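generate a structure from the sequence data that follows.
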Amino acid sequence: MTTNAAFDFDLLARLTDSPGPAGYEDRVREVVRDELPAVDAVRTDAMGNVVATVHGSATPEYEVLVAAHMDEIGLIVSDVDDDGFLSVAPLGGWNPDALRGHPVTVHTREDDYEGVVGINAAHTAADEAPEEWTLDDAHVFTGLDPEEANQRLGVGDIVTLDSDLRELGECVSGSSLDNRAGVYVLLEAARRADPDVTVHYAATVQEEVGLRGATALGVDIDPDLVVALDGTLEQSYPGIDSSNAISKLGDGVGIKRKDASVITTPAVVERFESVAENHDITFQREVSWNIGTDTGGLQNTGGARPVGALSIPVRYHHSAVETANVNDVAAAVSLLTAFLNTEDGKDYTPN
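Numbering: from 1, shown residues only. All right, here's what the predicted structure looks like:
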């Protein structure tokens, strides 16, 4: 049982347990709109990004965009064979091993169907397992009669991992903490912050397939400052070289300096660190080279903008057991809230 009183397990569980793979975020979008606090305006664009705006009192108006992607990795049915087995194609980046022997749900327009991705029995696995198991080897079995399976299920149906959020000591584990934990931080900061500047809180779509929602949003909104929220790799566990850990559970919110999609604005990084130190918020510096985030999609789409990013360390990325420390999540909420409350329209443009 977690002991952080500032952490709302039920809200995060509602977010993580709502299926929403890239391009099919409808159910998560409903939760986001339902959980938003009172704001001045809410809209959903053609791609499905949700933007909630709180107008500030600062004159002249200064606008901050806070973005967190709400999609998760998933699968899309590419074939139903005569025996009722489903072949699948990826929505986002998969480690196929995360699927083997795992329960899934198939989402059709009319209903949801439980299924499993099988795995060879241990008795024959050594003789029959392919040298390299890929998504082409992943076949979903729903238990339906083959004829019924072909009637009810079809090409284009969506498949997600089954794994409800659960508590693990001071941590939580589930299938979509990347990036429902970031959406949680966005919603909690929107509840707590009382900024003088105008803030657009955006839950974006299709990050897992190329930052597409953020790129579209960068054309529609012209903020003076962008802050993105996302999970970052946490690999401080046996079998991984410590130099590849990136971040560590329990060491606080990550303040990003670089990932594969962006080099954050140094002045924004410095202010995040200053705010964290002034408010006794635990943080860790993040430099990663093997992930991309909405930060990159928002930095230069529609014009150059100063950007910063906060990261939540997530262990076992892109699996049914993604794991985060609740104290790191709470630290992200505290830092974002304090940052927004003290934002005074500073010019972050390099000299």
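
do you have the strands of the stretch 151-300 of the chain handy? List them.
158-161, 166-168, 171-174, 198-204, 225-234, 253-259, 262-263, 283-287 (DSSP state E, counting those that start in this stretch).

quick one: name whatever helix or strand follows the helix or strand of the chain with the lowest mean pLDDT.
Least confident helix or strand, the chain: helix 122-128 with a mean of 62, by mean pLDDT, DSSP states H and E. Proceeding N to C from helix 122-128, the next assigned helix or strand is strand 139-141, under DSSP states H and E.

okay, buried residues for stretch 158-168 please.
158-161, 163, 165 (16 or more other Cβ atoms under 10 Å). C-betas here are computed from N, CA, C, even on glycine.

give me the lowest-pLDDT entry from the residues you listed.
In terms of pLDDT, the weakest of the buried residues of stretch 158-168 is Ser163, which scores 88.

hmm, it is touching Thr323, no?
No - here Ser163 lies out of contact with Thr323, judged by Cβ atoms under 8 Å, at a distance of 11.0 Å.

shared neighbours of the two, which are they?
Ser173 (Cβ atoms under 8 Å, 6 or more residues apart in numbering).

next up, phi/psi of Ala13, please.
For Ala13, the backbone dihedrals (degrees, to the nearest 10) come out as phi -60, psi -40.

which residues does it contact?
Ala13 sits in contact with 164-165, 174, where contact means Cβ under 8 Å, 6+ apart.

redo those as CSV? Include distance to Gly74.
Formatted as CSV, those follow (distance: Cβ to Cβ, whole Å):
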residue, distance to Gly74
Asp164, 16
Leu165, 17
Gly174, 14
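
of all the residues you listed, which comes closest to Val268?
Nearest to Val268 among those, counting by Cβ to Cβ, is Gly174 at 30.3 Å.

list just the nearest of the buried residues of stretch 158-168 to Val32.
Distance to Val32 across the buried residues of stretch 158-168 (Cβ to Cβ) is lowest for Leu165, with 16.3 Å.

contact partners for that closest one?
9, 12-13, 16-17, 172-174, 177.

closest one to Asp145 out of these, please.
For those, the nearest to Asp145 is Asp17 (29.1 Å; Cβ to Cβ).

not counting sequence-adjacent ones, nearest residue to the closest one?
Nearest in space to Asp17, with sequence neighbours left out and distances taken as Cβ to Cβ, 6 or more residues apart in numbering, is Asp164 at 5.3 Å.

the one you found and Ser173 touch, don't they?
No - applying Cβ under 8 Å, one finds Asp164 not in contact with Ser173, separated by 9.7 Å.

one step back: now render the buried residues of stretch 158-168 as a markdown table, adding distance to Asp222.
Putting these into a markdown table (distance: Cβ to Cβ, whole Å) gives the following:
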| residue | distance to Asp222 |
| --- | --- |
| Ile158 | 34 |
| Val159 | 38 |
| Thr160 | 35 |
| Leu161 | 37 |
| Ser163 | 39 |
| Leu165 | 36 |
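
which one of the strands of the stretch 151-300 of the chain lies nearest to Phe272?
It is, among those and with distance given as Cβ to Cβ, strand 253-259, at 4.9 Å.

quick one on the thing from earlier: for Val197, see how far away the residue nearest to Asp17 is.
Separation of Asp164 from Val197 (Cβ to Cβ, to the nearest Å) stands at 38 Å.

same question, Thr105
With Cβ to Cβ as the criterion, Thr105 and Val197 are 41 Å apart.

who has more neighbours out of the two?
Neighbour count, other Cβ atoms under 10 Å: between Thr105 and Val197, Val197 has more, with 22 against 16.

that one contacts Glu343, doesn't it?
Yes - if you go by Cβ under 8 Å, Val197 and Glu343 touch, sitting 5.1 Å apart.

contacts only, for the residue nearest to Tyr24 when sequence neighbours are not counted.
Nearest residue to Tyr24, sequence neighbours excluded (Cβ to Cβ, 6+ apart): Ile158, at 5.2 Å. Ile158 makes contact with 19, 21, 24, 74-77, 91, 106-107 under the criterion Cβ under 8 Å, 6+ apart.
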